[in-house]
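> Provided below for reference: sequence and predicted model.
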Amino acid sequence: MVKFNRRQFIALGAAGAALVGSWLRRDISGRTVTSAPVDSASLYQSSNGLLQLDLEASERLVSLGGKQAYFLTYNGQIPAPRLEAKPGDRVRLHFTNNLNQPTNIHYHGLHIPITGNADNVFLKIEPGQKLIYDFQIPVNHPSGTFWYHPHLHGLVAEQLFGGLAGLFVVRGELDETPELKAAQEEFLVLQDFALDNRGRRSDSAHMSLMMGREGNVIMVNGRTNPLLELSDSGLLRLRILNASPSRFYRLALEDHAFYQIATDGNTLNEPIEINELLLTPGQRADVLVKRDKQSGQYRLLNLPYDRGNMGMMSGRGMMGRDNRDRPMVLATINYKSAVSSLALPVSLASISALPEPQIVRYFELNHGMSPAVGMAFLINGESYQGDRLDTQVKLNAIEDWELINTGVMDHPFHVHGNAFQVISRNGQAESLPAWRDTVLVKRGETVRIRISFNDFAGKTVYHCHILDHEDLGMMGNLMIEV
Ligand code: C2O
Ligand code: CU
Ligand code: CU
C-alpha cells in the first residue's frame, strides 16, 4: 500500500477538496489492542483557497467498538469527517438534511459571519432540504482546533448524542513551529453514547436530562480504547475535542505530563506543563507529550470528576455516571523507543491583554421554574425565548461579562463567534493569558470574561455547553449592532 504523509499529499495537488481515507494516515501498526489507525475519520482539505464538500446528515447503521447501532452521522461517519482550511480560504459546504427532524450546522469557535448561510444558528433545514453553507475564513484567523455540530434549539443534545460532530481545523502559523512540524499529530474526538447490551442506541427517556445526558460507552474517534502507536521521532501532539453533550473529561496520561499549547482554538504564549487536563463539553485543547519514559504502553485515563448534582437525581447506578467514582481508560499510547532530548517549543504566540471594558454585564446561571416551560435552566432568571433579545452590544465594543453560578451544578459557558479572555475567577485575577470560547463556571463560582465583538454584526447566542441545559433554556440571544 502506498503511503503519503499529509504534506506530500498536499504536494500531489489533488483537484478540489481532497477526500483522504484512513489509509493515508501515518503508519500506525497497532499490534496488540487494535489494527486500525487511531483516527479513521476521513479528511477534507482546502485546495487553491477553496474547501468544498458534500455533507449529508442521516441516520445510518455504523459499527463502533465492535457494536452495530444506528447513529446520527455526517456522511455515515462517527466522528464526522475532519475539515481543514487555511486563513483566507472560502468554504462551500453542500449540506443535505436526511434526518427525520430539522437541523442546521454551527461552526464552533470559528470567527466568521453569524448571518446568512454562514455560522447562523437560526437557520432551520427541514428533512429532505439542502443548503449551501458559504463563507470565508478571515485572512487573520488564528490557526487552531475548531469543530462543527448541529445547533437547532431543543434538538442540540439529542443530535450530538446521536453522533453528529466533527473537527474543523484551521491550519496556520502555529503549525509552522519547527517542533510542531516535527511532531506526530493525532486528533482525539471524545464522545459518549448510550448503547444497551445488544448494542442498540437507547433513547434519552431514562436519562437525567436535568444533569445532562451521559452515555455508558466512551469512544475516542469512534473506538473504545484505541492503541496509539508512536513513531520514533518528535513530540506527540494531541489535539483533543470534547464532543460529548454533557460529560466532562479529566484527562491524565500515566507517568507523563501534558504540555498545553492551545486552549480551545487559541494558541498560548508558551507550553504550560500540567498533569491533568479538564475538558468541559465544547472545549478543545492542544497538548504535547514527550516520549521520555521507558518504552511501553501508557494509558490515557479519564479521572473522576464531580460536576454537581440535583439532589435525588444524583443516585448511583444511573446510566453513564460511572466515572464519578473510578478512572476509565480512554486510549493506550505505545512507544518503542524513548527520547529524552526532545525540545519543547519555547515561545508560541504573544497574547496581549484586551483593553479595559466599556461596560460590565452580569449573567446569573441557575435553574428553576419558568412560567412558560416548567422546570428550566435560566440565565438571569429567564429561560430562552427565540424571539426575545437578551443582550445588545455594539460592534467592536469591549465588554466584561461576569458569570455568576448560583446553582448546584457546574455550567460551561460558551459565546458564539468571538473568543474571550478570562479575567478573574472568584475575584482572583487569572494569571495565565489565554483566549477561550468556552469557560467552566463551577457551582458557586463567579468568573469574569472580557470579550471584544469584532468584525461581524448580527444575531447569535451564548449558552451553557451542557447541551441539555441549553435545550432546556440556558441560552440567550445576543445582538451585535453596527
Ligand atoms: Cu458548540 Cu453553541 O455551540
Ligand atoms: Cu459554539
Ligand atoms: Cu449547564
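Cool, got the structure. Ligands and ions are numbered 1, 2, ... in the order given.

> What segments of the stretch 101-250 of the chain are helices?
For the stretch 101-250 of the chain, the helices defined by DSSP state H, counting those that start in this stretch cover 156-161, 178-181.

> ranking those helices by burial, who's on top?
The highest mean neighbour count among those, using mean count of other Cβ atoms under 10 Å, belongs to helix 156-161: a mean of 24. For glycine as for every other residue, the C-beta is placed from the backbone atoms N, C-alpha and C.

> ok, is that helix in contact with ligand 3 or not?
No: Helix 156-161 does not reach ligand 3 (Cβ under 5 Å from the ion); its nearest approach is 11.0 Å.

> residue in the stretch 101-250 of the chain nearest to ligand 3?
Closest to ligand 3 within the stretch 101-250 of the chain is Gly212: 6.8 Å, counting by Cβ to the ion.

> Now do the longest strand along the chain: which elements does it pack against?
Determined from DSSP state E, the single longest strand within the chain is strand 50-64. For strand 50-64, the packing partners by 3 or more Cβ pairs under 8 Å, 6 or more residues apart in numbering; DSSP states H and E come out as strand 43-45, strand 67-74, strand 82-85, strand 90-98.

> send the alpha carbons of the third one over as CSV?
The C-alpha coordinates for strand 82-85 follow below in CSV (Å, rounded to 0.1, in the frame of the first residue of the first chain):
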residue,chain,number,x,y,z
ARG,A,82,-12.4,16.3,9.6
LEU,A,83,-12.4,19.5,7.7
GLU,A,84,-9.2,21.5,7.2
ALA,A,85,-8.8,25.0,5.8
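
> quick one on the thing from earlier: any idea of the angle the longest strand of the chain forms with strand 90-98?
For strand 50-64 against strand 90-98, the angle between stretch directions is 40 degrees (axes from the mean of the first three to the mean of the last three Cα atoms, to 10 degrees).

> Now do the buried residues in strand 50-64.
Leu51, Gln52, Leu53, Leu55, Glu56, Ala57, Ser58, Glu59, Arg60, Val62, Leu64 (16 or more other Cβ atoms under 10 Å).

> Would you mind putting the residues you listed into a markdown table with pLDDT alongside?
As requested, these are exported to a markdown table (pLDDT from 0 to 100):
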| residue | pLDDT |
| --- | --- |
| Leu51 | 98 |
| Gln52 | 98 |
| Leu53 | 98 |
| Leu55 | 98 |
| Glu56 | 98 |
| Ala57 | 98 |
| Ser58 | 97 |
| Glu59 | 96 |
| Arg60 | 94 |
| Val62 | 92 |
| Leu64 | 83 |
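
> In JSON lines, list those along with distance to Val339.
Shown next, in JSON lines, are the buried residues of strand 50-64 (distance: Cβ to Cβ, whole Å):
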{"residue": "Leu51", "distance to Val339": "35"}
{"residue": "Gln52", "distance to Val339": "40"}
{"residue": "Leu53", "distance to Val339": "38"}
{"residue": "Leu55", "distance to Val339": "40"}
{"residue": "Glu56", "distance to Val339": "43"}
{"residue": "Ala57", "distance to Val339": "43"}
{"residue": "Ser58", "distance to Val339": "45"}
{"residue": "Glu59", "distance to Val339": "45"}
{"residue": "Arg60", "distance to Val339": "42"}
{"residue": "Val62", "distance to Val339": "38"}
{"residue": "Leu64", "distance to Val339": "34"}
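
> For these, which two are the farthest from each other?
Maximum pairwise distance in the buried residues of strand 50-64, criterion Cβ to Cβ, is 28.3 Å, between Gln52 and Leu64.

> Any idea how many residues pack against Arg90?
Neighbour count of Arg90, defined by other Cβ atoms under 10 Å: 15.

> Give me the nearest residue to Ala331, chain neighbours excluded.
Leu300 (4.4 Å; Cβ to Cβ, 6 or more residues apart in numbering).
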